[in-house]
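[1] This is a predicted model, with the sequence first.
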Amino acid sequence: MRKQVFCTFVAQVSTLNFIFGEIKCSLERRQRRNRLQIVVGIVLKVVAQKHLKGRSRGILFGFIVHELAEDGLFRFGVEQFDHAGKNVDVLVRLASLAATLAVDLDDEQSGVLVQLKASETACRHLEAGYPFAAEAAGRLRSVLEELKDLGASAAAQSERLDADPERLQKIGDRLNTIYSLCQKHRAADLGELLAKQTDYEARLQAITHGDEAIAAVATELTATEEKAEELARNIHATREKAAPTFNDAIQTTLARLGMPEARFVVQLTPAPALTPTGDDEIDFLFTANGNFAPQKVERIASGGEISRVMLALKALLAHRMELPTIIFDEIDTGVSGRIADAMGEIIADLSQTMQVVDITHLPQVASKGDTHFVVYKDAEGSHIRRLDPEERITEIAKMLSGSQITEAALAQARILLDK
């Protein structure tokens with residue numbers, strides 16, 4: 001139990017930041033900057049290391065970026081690339097087909113149209129004595145008109161497709177280059193390859209301007225350290241100013257708790273480095289006898305003295321922080337009699353401005369509450385129950401006399417509750 005109480009004193013150190021002049025906002029700012037200092041320091045080291053390693057990668061990235069951007073390689077959009085890749089061969093075949101069809105139809109020596117025209121003329125010469133010749137000439141005329149239209153369309157398509165072998169060769173070469181780059185850089189398509197190009201350019205930019213980035217981080221770190229040190233000095237000055245008042249308040253409460261000669265001192269010593277609570281190491285010094293020099297409370301105080309110092313600290317803390325609720329868990333350990341009654345009075349005073357929940361085994365303390373709950377266990381588990389006035393008298397009598405409740409214990413319980 002005493003070890004737990006000692007550990008609690010360590011936790012009380014941070015509460016001084018609220019008690020000494022209500023510097024909560026300053027402390028929070030200091031804590032943020034302290035964390036920032038650590039983070040910026042790590043970032044600075046990481047950036048420096050990456051910068052050193054990055055110099056060796058800069059040449060590689062520069063080569064890759066140049067390779068990907070060379071000769072207007074990506075003048076194709078992604079959709080145009082897909083379209084061209086799929087249709088360049090088709091384009092060549094279509095242009096060839098259109099040109100061949102136009103020649104086959106319109107050639108002056110052996111074209112289809114020339115031959116059909118001759119056949120039509122021959123049929124016209126025979127139509128007077130041979131009825132079928134007239135029919136054949138008419139049908140040939142229809143075919144000629146249709147084929148003339150087809151030939152004109154083929155010629156137009158041949159001109160529109162513009163199947164320039166040199167131009168098509170350039171397009172094919174560019175597509176082959178892009179396919180090769182996709183394989184080399186493990187890109188599934190042109191879109192992914194373009195994304196890799198952007199990534200390499202960003203990396204090269206970061207390496208090229210790495211010195212500026214490190215200098216900017218170092219400047220920010222220096223400014224953060226200066227601000228943190230300034231906040232720490234302000235916190236220290238506020239603590240020094242508030243310490244005497246704080247000491248007097250604790251000693252006044254200890255006097256009420258039966259230690260009129262007690263001395264309580266807040267000792268501030270420089271910390272080796274900045275901490276989340278400033279640059280002070282804070283110790284609570286205590287002595288119950290004014291003739292002896294105060295020492296660290298966790299080393300010198302007895303169990304009962306620790307309980308009283310703890311109550312004095314928490315009572316002052318609760319008032320200054322304006323807590324809505326405070327819970328005391330057997331804070332009266334190690335005391336009894338008149339001191340227990342004084343503790344109960346102090347705890348009752350706190351209940352005038354906030355809700356107080358106190359767990360205790362002392363009748364002097366339990367009798368000061370407005371409401372009394374009893375906690376008990378049975379085969380089904382733990383339970384809590386609110387006591388009515390008569391049950392409360394019985395419960396406090398048990399605290400006084402044990403399991404055998406006497407009339408004297410009941411009478412004393414009524415006296416305690418009537419106070």
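    Cool, got the structure. Numbering: from 1, shown residues only.

[2] thought Glu305 was touching Phe284?
    No - counting by C-beta atoms under 8 Å, Phe284 is not a contact partner of Glu305; they are 12.0 Å apart. For glycine as for every other residue, the C-beta is placed from the backbone atoms N, C-alpha and C.

[3] wait, Ala137 sits on Ala118?
    No - using C-beta under 8 Å, Ala137 makes no contact with Ala118, being 11.7 Å away.

[4] who's more crowded, these two?
    More crowded of Ala137 and Ala118, by other C-beta atoms under 10 Å: Ala137, with 18 against 11.

[5] For that one, give its distance to Val114.
    16 Å (C-beta to C-beta, to the nearest Å).

[6] what's the answer for Leu221, then?
    Counting by C-beta to C-beta, the separation of Leu221 from Val114 is 91 Å.

[7] Please identify which of those two sits among more neighbours.
    Higher neighbour count among Leu221 and Val114: Leu221, with 17 against 13, using other C-beta under 10 Å.

[8] which other helices and strands contact the strand or helix carrying the more buried one?
    Per DSSP states H and E, Leu221 falls inside helix 210-256. Packing partners of helix 210-256 (3 or more C-beta pairs under 8 Å, 6 or more residues apart in numbering; DSSP states H and E): helix 2-19, helix 24-69, strand 263-275, strand 278-287, helix 303-321, helix 337-350.

[9] worst average pLDDT in those?
    When these are ranked by mean pLDDT, helix 2-19 comes last with a mean of 40.

[10] Run a quick neighbour tally on Gln267.
    13.

[11] Could you check how far it is from Ala293?
    Per C-beta to C-beta, Gln267 is found 12 Å from Ala293.

[12] got it, and Phe286?
    Phe286 is 11 Å from Ala293, where distance means C-beta to C-beta.

[13] Of these two, give the one with the bigger neighbour count.
    Neighbour totals were compared for Phe286 and Ala293, and Phe286 leads with 26 against 10 (other C-beta under 10 Å).

[14] OK, contacts around that one?
    Ala262, Arg263, Phe264, Val265, Pro294, Gln295, Lys296, Val297, Ile300, Ala301, Glu305, Val309 (C-beta atoms under 8 Å, 6 or more residues apart in numbering).

[15] Do I have it right that the second one meets Thr287?
    Yes - under the criterion of C-beta under 8 Å, Arg263 is in contact with Thr287, at a separation of 5.2 Å.

[16] Between those two, which contacts overlap?
    Contacts common to Arg263 and Thr287, judged by C-beta under 8 Å, 6+ apart, are Pro294.

[17] tell me the pLDDT at the nearest residue to Asp358 once chain neighbours are set aside?
    Once flanking residues are discounted, Asp358 sits nearest to Phe328: 4.5 Å by C-beta to C-beta, 6 or more residues apart in numbering. Reported pLDDT at Phe328 in the predicted model: 91.

[18] Assumed Phe328 was part of a strand.
    Yes - the assignment for Phe328 is a strand, going by DSSP: H, G, I helix; E, B strand; the rest coil.

[19] Kindly provide the distance from it to Ala318.
    Taking C-beta to C-beta, one finds Phe328 at 10 Å from Ala318.

[20] again, but for Ala271
    27 Å.

[21] And Leu175, by the same measure?
    79 Å.

[22] for Gln197, same thing?
    Taking C-beta to C-beta, one finds Gln197 at 64 Å from Ala318.

[23] Also Lys368?
    Taking C-beta to C-beta as the measure, Lys368 falls 16 Å from Ala318.

[24] Between those two, which has more neighbouring residues?
    Taking other C-beta under 10 Å, Lys368 and Ala318 do not tie; Lys368 has more neighbours (23 against 18).

[25] Pretty sure the more buried one sits against Gly344.
    Yes - contact criterion C-beta under 8 Å: Lys368 and Gly344 qualify, at 4.0 Å.

[26] quick one: His319 and Thr353 touch, right?
    Yes - His319 is within contact range of Thr353, at 7.4 Å (criterion: C-beta under 8 Å).

[27] Among those two, which residue is more densely surrounded?
    Using other C-beta under 10 Å as the criterion, His319 and Thr353 rank with His319 on top: 15 against 12.

[28] List the residues that contact the more buried one.
    By C-beta under 8 Å, 6+ apart, the neighbours of His319 are Leu350, Thr353.

[29] can you tell me how far it sits from Asp349?
    10 Å.

[30] what do you get for Met321?
    16 Å.

[31] Kindly report the same for Leu362.
    On the measure of C-beta to C-beta, Leu362 and Asp349 end up 17 Å apart.

[32] between these two, who's got more neighbours?
    More neighbours surround Leu362 than the other of Leu362 and Asp349, with 23 against 14 (other C-beta under 10 Å).

[33] Just give the number of residues close to the closest residue to the more buried one other than its chain neighbours.
    Excluding its sequence neighbours, the residue lying closest to Leu362 (C-beta to C-beta, 6+ apart) is Ala340, at 4.6 Å. Counted with other C-beta under 10 Å, residues neighbouring Ala340 total 22.

[34] No further queries at this time; thank you.
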